[in-house]
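> Let me see the structure of the following:
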Amino acid sequence: MTTTTPSDVRPDPPHSPDDRSLTEFGYRQELHRSLGRYASFAAGFSFISVLTTVFQFFAFGYAFGGPVFFWAWPAVLVGQLLVAACFAELAARYPISGAIYQWSSRLSNLTFGWFAGWIMVIGQIVVVAAAALALQMVLPAIWSGFQLIGTDAAPTSADGAANAALLGVFLLVLTTLVNVLDNRVMSVINRVGVTAEIIGAVLIIVLLLTHSERTPGITFHTEGAAQDGLFGALLVGSFTAAYVMIGFDSAGEMSEETHHPRRTAPRTILTALGAAGLLGGLIVLGGLLAAPSLTDGHLAVDGLSYVLTSSLGDGVGKVLLADVVVAIAVATLAIQTAACRMLFSMARDGQLPFAGRLARVHPRTGMPNAPALVVGVLAAALLLLNFASPEAFLAIGTTCIVMLYLAYAMVTGPLLVRRLRGEFSSEGTDETGGKLFSLGRWGVPVNALALLYGLFMTVNLAWPRAAVYDPAGGHWWFQWFTVLFLAVTLAAGIAFRAYRKRDAAPAVVPEAAG
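Residues are numbered from 1 along each chain as shown. Modelled structure (predicted):
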């Protein structure tokens, strides 16, 4: 790959090892470095947000998989840990905002990397919308007054879908405001929110397990599973785990704002995913064990909110649901922040329309304000689909997973090629003089399995199953929504690339690219 430094990027003299880790790639320090190890962990954990995503998709997983859908969870966790291990190596070597775009560009070429970043940032915007919709699964269960439109709070109903969009827009207004204030304010909210979420998740697990109505053997029962057989039930049931365990790369996304990023980011990527995977799996298990009934239909519609309020009582259940609301708000904030950093990174290299405006960082706050507004407005526009049909809730959720899985594969694929050619170095030191995180001789097998897993899940998630995407029938565009959305995203990217007047590649240090 050709070494090119954008003409508008002039590195400032390095003042610290953290600054030097950025200036060696040809960028100056503009974002404010204020994040420590826990804040970096919080960035990844809050994007994953166990409470947000498990509560949002538990009902869906149970509806199609029955109790046996639990076993899709450890399978997805193992697959994502393989991907996270590859990302941890890259975070140590390329501590730059816009992680997926930067990593893919340096491992392959600018065009391929640009499409990885383009797909990732569009996917992140869709994830922001999907996370904001999760409020509908919780707020009306706490107080009926939060059902502002109609009376049916189920997100699959017309009233519930419209109300979810309205609540989501309110939340996006708040997260957008925080994203233009100051990264220290954002970090404090993130850390407090993640701490509250972890405490809440542990309490939920303990209470559910101590209120068990049945034994863990129920997870081997296939009653209530979809008619496609056990394997088909697990494939669709894996949507829940797949939706939960994305976004762990956010710790790498925040590298330019993290102290000692080469040392910190790799560890927080793995610990964020590991902690979320463990807590989420136990919550799913606890929900299945403590549910008053597995056959009355409530689990497949109301999900975990029904379990908490029914098994633990309205008082305790609603307090825990309030903690879930905090988790949803912080998750939406963290996902929007990650999307903002991706837009900023691509714009800084002149790779997006209105690049000059999108790459501008406010000198006082250290925040790129324009990307926050763009992500907030586009995510809110996606929420309007919920007014068209309740099926939009699922279409938006599954589409964002597919986009991120594909973008991840566009990193693990080129990385595997580099390894097989012997062009990926495991040597180097971090800011403290310690060795960089490395998979060593396990690099090739772990990388190969990560790529195969990612491609398999991308196809599985995007497969246009009518029973999943258009259960009511008559809406072919929802059945094919994910495929169509991806096609439109690629077409828009191709059109933009074809008419660009200049092709400024990101700065690449030859020895770093190896």
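> Just the buried residues of the one helix or strand A275 maps to, please?
Per DSSP states H and E, A275 falls inside helix 261-290. Buried residues in helix 261-290, counting neighbours by 16 or more other CB atoms under 10 Å, are found at 261-273, 275-277, 279-290. Bear in mind the C-beta positions are built from the backbone N, C-alpha and C, glycine included.
> Show me what the helix or strand containing Y453 is packed against.
Under the criterion of DSSP H and E, Y453 resides in helix 443-462. For helix 443-462, the elements it packs on are helix 72-93, helix 229-244, helix 392-420, helix 481-498, judged by 3 or more CB pairs under 8 Å, 6 or more residues apart in numbering; DSSP states H and E.
> Which of the residues in that helix are classified as buried?
Buried-residue list, helix 443-462, by 16+ other CB under 10 Å: 443, 446-447, 449-451, 453-455, 457-458, 460-462.
> go on, stretch 184-203?
184, 186-187, 189-191, 193-194, 196-198, 200-201.
> how about low-confidence regions in the stretch 151-300 of the chain?
223-229 (pLDDT under 70).
> if you set the cut-off to 50 instead, what comes out?
Along the stretch 151-300 of the chain, no part satisfies pLDDT under 50.
> do you know how far the residue minimising distance to the centre of the chain is from S49?
The centroid of the chain falls nearest to G247 when counting by CA atoms, centre = their mean (3.1 Å). G247 sits 8 Å away from S49, going by CB to CB, to the nearest Å.
> intersection of neighbour lists for the two?
Taking CB atoms under 8 Å, 6 or more residues apart in numbering as the criterion, G247 and S49 both touch A334.
> List the buried residues in the host helix or strand of W103.
When elements are assigned from DSSP H and E, W103 belongs to helix 99-107. By 16+ other CB under 10 Å, the buried positions in helix 99-107 come out as A99, I100, Y101, Q102, W103, S104, S105, R106, L107.
> how about those residues in JSON lines, adding pLDDT and distance to P390?
As requested, the buried residues of helix 99-107 are exported to JSON lines (pLDDT from 0 to 100; distance: CB to CB, whole Å):
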{"residue": "A99", "pLDDT": "94", "distance to P390": "34"}
{"residue": "I100", "pLDDT": "96", "distance to P390": "32"}
{"residue": "Y101", "pLDDT": "96", "distance to P390": "34"}
{"residue": "Q102", "pLDDT": "96", "distance to P390": "38"}
{"residue": "W103", "pLDDT": "96", "distance to P390": "37"}
{"residue": "S104", "pLDDT": "96", "distance to P390": "36"}
{"residue": "S105", "pLDDT": "95", "distance to P390": "39"}
{"residue": "R106", "pLDDT": "94", "distance to P390": "43"}
{"residue": "L107", "pLDDT": "96", "distance to P390": "41"}
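> Is it possible to get CSV of the residues you listed that adds distance to V236?
Listed next are these as CSV, based on distance: CB to CB, whole Å:
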residue, distance to V236
A99, 30
I100, 27
Y101, 31
Q102, 34
W103, 31
S104, 29
S105, 35
R106, 36
L107, 33
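> So which of those residues is the closest to A132?
I100 (22.0 Å; CB to CB).
> Please list all residues in contact with that closest one.
With contact taken as CB under 8 Å, 6+ apart, I100 is in contact with A116, G117, M120, D249, M342, A407, Y408, M410, V411.
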